[in-house]
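K.L.:
predicted structure and sequence below. I'll ask about it afterward.
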Amino acid sequence: MTIRADALPTQEMTINMGPQHPSTHGVLRVVLEMDGEHILEPEPVIGYAHRIQEKMGESRSWPGFLPNTGRLDYLSALIYNHGYVGLIERMTGTEVPLRAEYIRVITSELNRVSSHLLWLGAFLLDLGAFTPIMYAFDDREQILDILEDITGARLTYCYFRVGGVYRDVDDKFVENTRAFIKRLRGRFKPIYADLVTDNIIFIKRVKDIVNITPELAMRYGVTGPPLRSTGIRYDIRRNEPYSVYSELDFEIPVGSSGDCLETYLVRVNEMEQSLRIIEQALDRLPSGPVRTKVPRKLKLPQGDASFSVETARGELTYYLVSDGSDVPYRLKVRVPSFSNLSILKELCRNMLLSDLIMALGTLDLVIPEIDR
Amino acid sequence: MHLNQSLPPELIRIVISVVVLIGFTFLNVLLLGYAERKISGRIMRRPGPMEVGPQGIFQLLVDGVKLVAKQFIVPSEAGTLFRIAPLLAFMPVGLSFIVIPFSNRLQVRDLDTGLVFMLAVMSLNTFAILVAGWTSNSKYSLFGAIRSVAQSVSYEIPMLLSLLSVVLMANTLSMRGIVLAQSPVWYVVVQPVAFLIYFVAGLAETNRAPFDLPEAESELTAGFHTEYSGMGFSMFFLAEYTNMFFVCSLGVVLFFGGWSGPKLPYMDYTGIIWFFLKVYILLFVMIWIRWTFPRVRFDQLLNFCWMYLIPFSLVNLLLTAVVVKL
């Protein structure tokens, strides 16, 4: 619909969406230039949850930064743990026992599923569907219980250690995890598929909305499900395998058009693949020690290194420079949400306000991770 | 006794009906609010309110007390109308009750144009929302108000068209007359399309999900009542729930035979039981829909109205006219 400018004097208005807004999920602020319901220019403003995490990493001993990693992205804390310990192990050349590697994979994948479940609920909440988040939280709660049993935490885990994991898992953990896999598999079809994915209003709201093109995604370094939904099969677990992922059989779900529906389906399929990974890892879980001894006062050799892992949101890279002392000289964290957010400006030009909410939802942003 | 004789009986009747109606309005909101929370709880597999009273039945009462006790905050540069808007929203509430036939004998006034009166009064609600959104001096409220007006303007049309086909069959605009005209068979059987269109338009009219765009939480925080607190907010809350009641009563009167049902003693009065039963079943469906479906997008909402509802209701009206003529 176009209105002739001379017929009706119209005025563009600026809207501050956030930092306190129900669907920015955290303290993101987006300054919107609006023409009626259409967005002329969205400008994301970040930094409201800046906690000098990288600097903290440079003033603490090597293992001392480990608890901080879980607080960068509180939804996939274990995977953040994994990246950091992986990096130190790579620099020191520490061998990790096989059992510990399998436990890491199992817990990381559980963490990924819990993160995706929370995203599913929150995304549908943005759509105005209030019920699915309760179902998703019900399932997520089971994961939190399982992880609480072995890690002692429910959200900001600090379970991995340099050279292994903090504590061995018991039979109860294996049993509970298997029971959970069975339960969640039984719920995909009757609950998530029938109630959500086949809903006509849902399809109308997400299909062909917020189309991310592969070209745009690559230009901004978008990773994770938003990238895979455009059809690019890029997943660190497959492209640059770490831990024991190369020994496990799983698929990387990809989409084609990069719209909200594809991203949604990529995430749902990823949950199923994660369950597959967990199942295989549980079957192969070897016995043995779960931790190699590393010196209490860790000194890393001079030089630099980086280590990438695939979090629930995309590629996470830790890059650090060591000057040979017991604290890092420089620690740089490349977080997926930052790159994913940066496409917002180009993506959401001339969009409706409700589609911007969809875009924010589909990118699955964790703001404390962006601000660090 | 002296007082009784010195006052005109009409005045006493008015006072009694006003007290009863206001009392009923509050009771209805308490009941609906509680039902909404409990049903949403069941749908979400949680118990809902449980703390205040057995099964949490006094929860809404406590909420009401909290809202009354809260300060009514007026944003800076908000107009004087900001204070009046909640009252405007509440105004149609008293008026609509006049024409609803609760049973054969329980009706305040049986106007010849009862249906037109009811629809006219119900659409006054939009003015309240417009005034509230406009005078709030907040952009989110303004958006909510704009959406509300656009939505109401489009959804009134299919609503009226679908009701018109019922009027053609009943050959009267009096609410009581329409109920009496359905004595062998309810109009929902004869006019299912009209009922569906009416119900969908009614959902949009009352700003209920999936058409709750004027107060879309994830987009506009709280829409037109973002800036309202305390009693101002609760007036809108009361008006919204009472409007739901009106939409469902109208649906019952026009499509479900009003008070008619299996015979009860003193049917002229006890018909109210069937009336309320039907109304609350319809209200249950409204609540059910709200907690099951996602929200539609604004342009989809308008497209749906102009491209599907209006053509369908026009065709339905035309067919009805032809059949009635035959």
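P.N.:
Structure's in. What do you need?

K.L.:
quick check on A:Cys260: phi, psi?
P.N.:
phi -60, psi -40 (degrees, to the nearest 10).

K.L.:
can you give me the neighbour number for it?
P.N.:
26 (other Cβ atoms under 10 Å in any protein chain shown). (C-beta placed from N, C-alpha, C; glycine too.)

K.L.:
A:Lys204 is in contact with that one, correct?
P.N.:
No - the criterion here is Cβ atoms under 8 Å, and A:Cys260 misses it with A:Lys204 at 11.1 Å.

K.L.:
what's the closest non-adjacent residue to A:Thr223?
P.N.:
Spatial nearest neighbour of A:Thr223, chain neighbours left out: A:Gly314 (3.2 Å); criterion: Cβ to Cβ, 6 or more residues apart in numbering or on different chains.

K.L.:
then A:Asp249?
P.N.:
A:Gln280 (6.5 Å).

K.L.:
just the pLDDT for the one you found.
P.N.:
Note for A:Gln280: predicted pLDDT of 89.

K.L.:
tell me the pLDDT at A:Ile3?
P.N.:
pLDDT, A:Ile3: 54.

K.L.:
hmm, I typed the wrong one, I wanted A:Gly47.
P.N.:
85.

K.L.:
contact partners for it?
P.N.:
Taking Cβ atoms under 8 Å, 6 or more residues apart in numbering or on different chains, we find A:Gly47 in contact with A:Asp371.

K.L.:
and whichever residue of the stretch 201-326 of chain B sits closest to chain A, how far is that from A:Gly47?
P.N.:
At 2.7 Å from chain A, B:Arg295 is the closest residue in the stretch 201-326 of chain B, using Cβ to the nearest Cβ. Computed as Cβ to Cβ, to the nearest Å, the B:Arg295 to A:Gly47 distance reads 31 Å.

K.L.:
B:Tyr187 now?
P.N.:
B:Tyr187 sits at a distance of 61 Å from A:Gly47 (criterion: Cβ to Cβ).

K.L.:
so the residue nearest to A:Asp249 is in which element?
P.N.:
Element membership for A:Gln280 (DSSP states H and E) is helix A:260-284.

K.L.:
show me where chain A has strands.
P.N.:
A:13-17, A:29-35, A:38-45, A:160-161, A:164-165, A:303-310, A:315-322, A:330-334, A:351-352 (DSSP state E).

K.L.:
what sits up against the second one?
P.N.:
Which is strand A:29-35. So strand A:29-35 is contacted by A:10, A:12-19, A:24, A:39-46, A:48, A:344, A:353, A:356, A:360 (Cβ under 8 Å, 6+ apart).

K.L.:
torsion angles phi and psi at the residue nearest to B:Pro214 when sequence neighbours are not counted?
P.N.:
The spatially closest residue to B:Pro214, leaving aside those adjacent along the chain, is B:Ser148, at 3.7 Å (Cβ to Cβ, 6+ apart). Torsion angles at B:Ser148 (phi, psi; degrees, to the nearest 10) stand at phi -60, psi -40.

K.L.:
neighbours of whatever residue of the stretch 51-200 of chain B ends up closest to chain A, how many?
P.N.:
In the stretch 51-200 of chain B, the residue found nearest to chain A is B:Lys139; the distance is 5.2 Å by Cβ to the nearest Cβ. B:Lys139 has 18 neighbours, counted by other Cβ under 10 Å.

K.L.:
residues contacting residue 130?
P.N.:
All of this is about chain A. B:40, B:44, B:291.

K.L.:
that's the wrong chain, I meant chain B
P.N.:
B:145, B:148-149.

K.L.:
and if you look at A:Arg349?
P.N.:
So A:Arg349 contacts A:39-42 (Cβ under 8 Å, 6+ apart).

K.L.:
kindly tell me how buried the closest residue to A:Ile79 other than its chain neighbours is, as a neighbour count.
P.N.:
Using Cβ to Cβ, 6+ apart and skipping the chain neighbours, the partner closest in space to A:Ile79 is A:Thr311 (4.5 Å). Look at A:Thr311: counted by other Cβ under 10 Å, it has 30 neighbours.

K.L.:
try A:Ile79
P.N.:
Based on other Cβ under 10 Å, the number of other residues close to A:Ile79 is 26.

K.L.:
again, but for A:Ile46
P.N.:
A:Ile46, neighbours per other Cβ under 10 Å, totals 20.

K.L.:
for it, give its distance to A:Arg313.
P.N.:
A:Ile46 is 15 Å from A:Arg313, by Cβ to Cβ.
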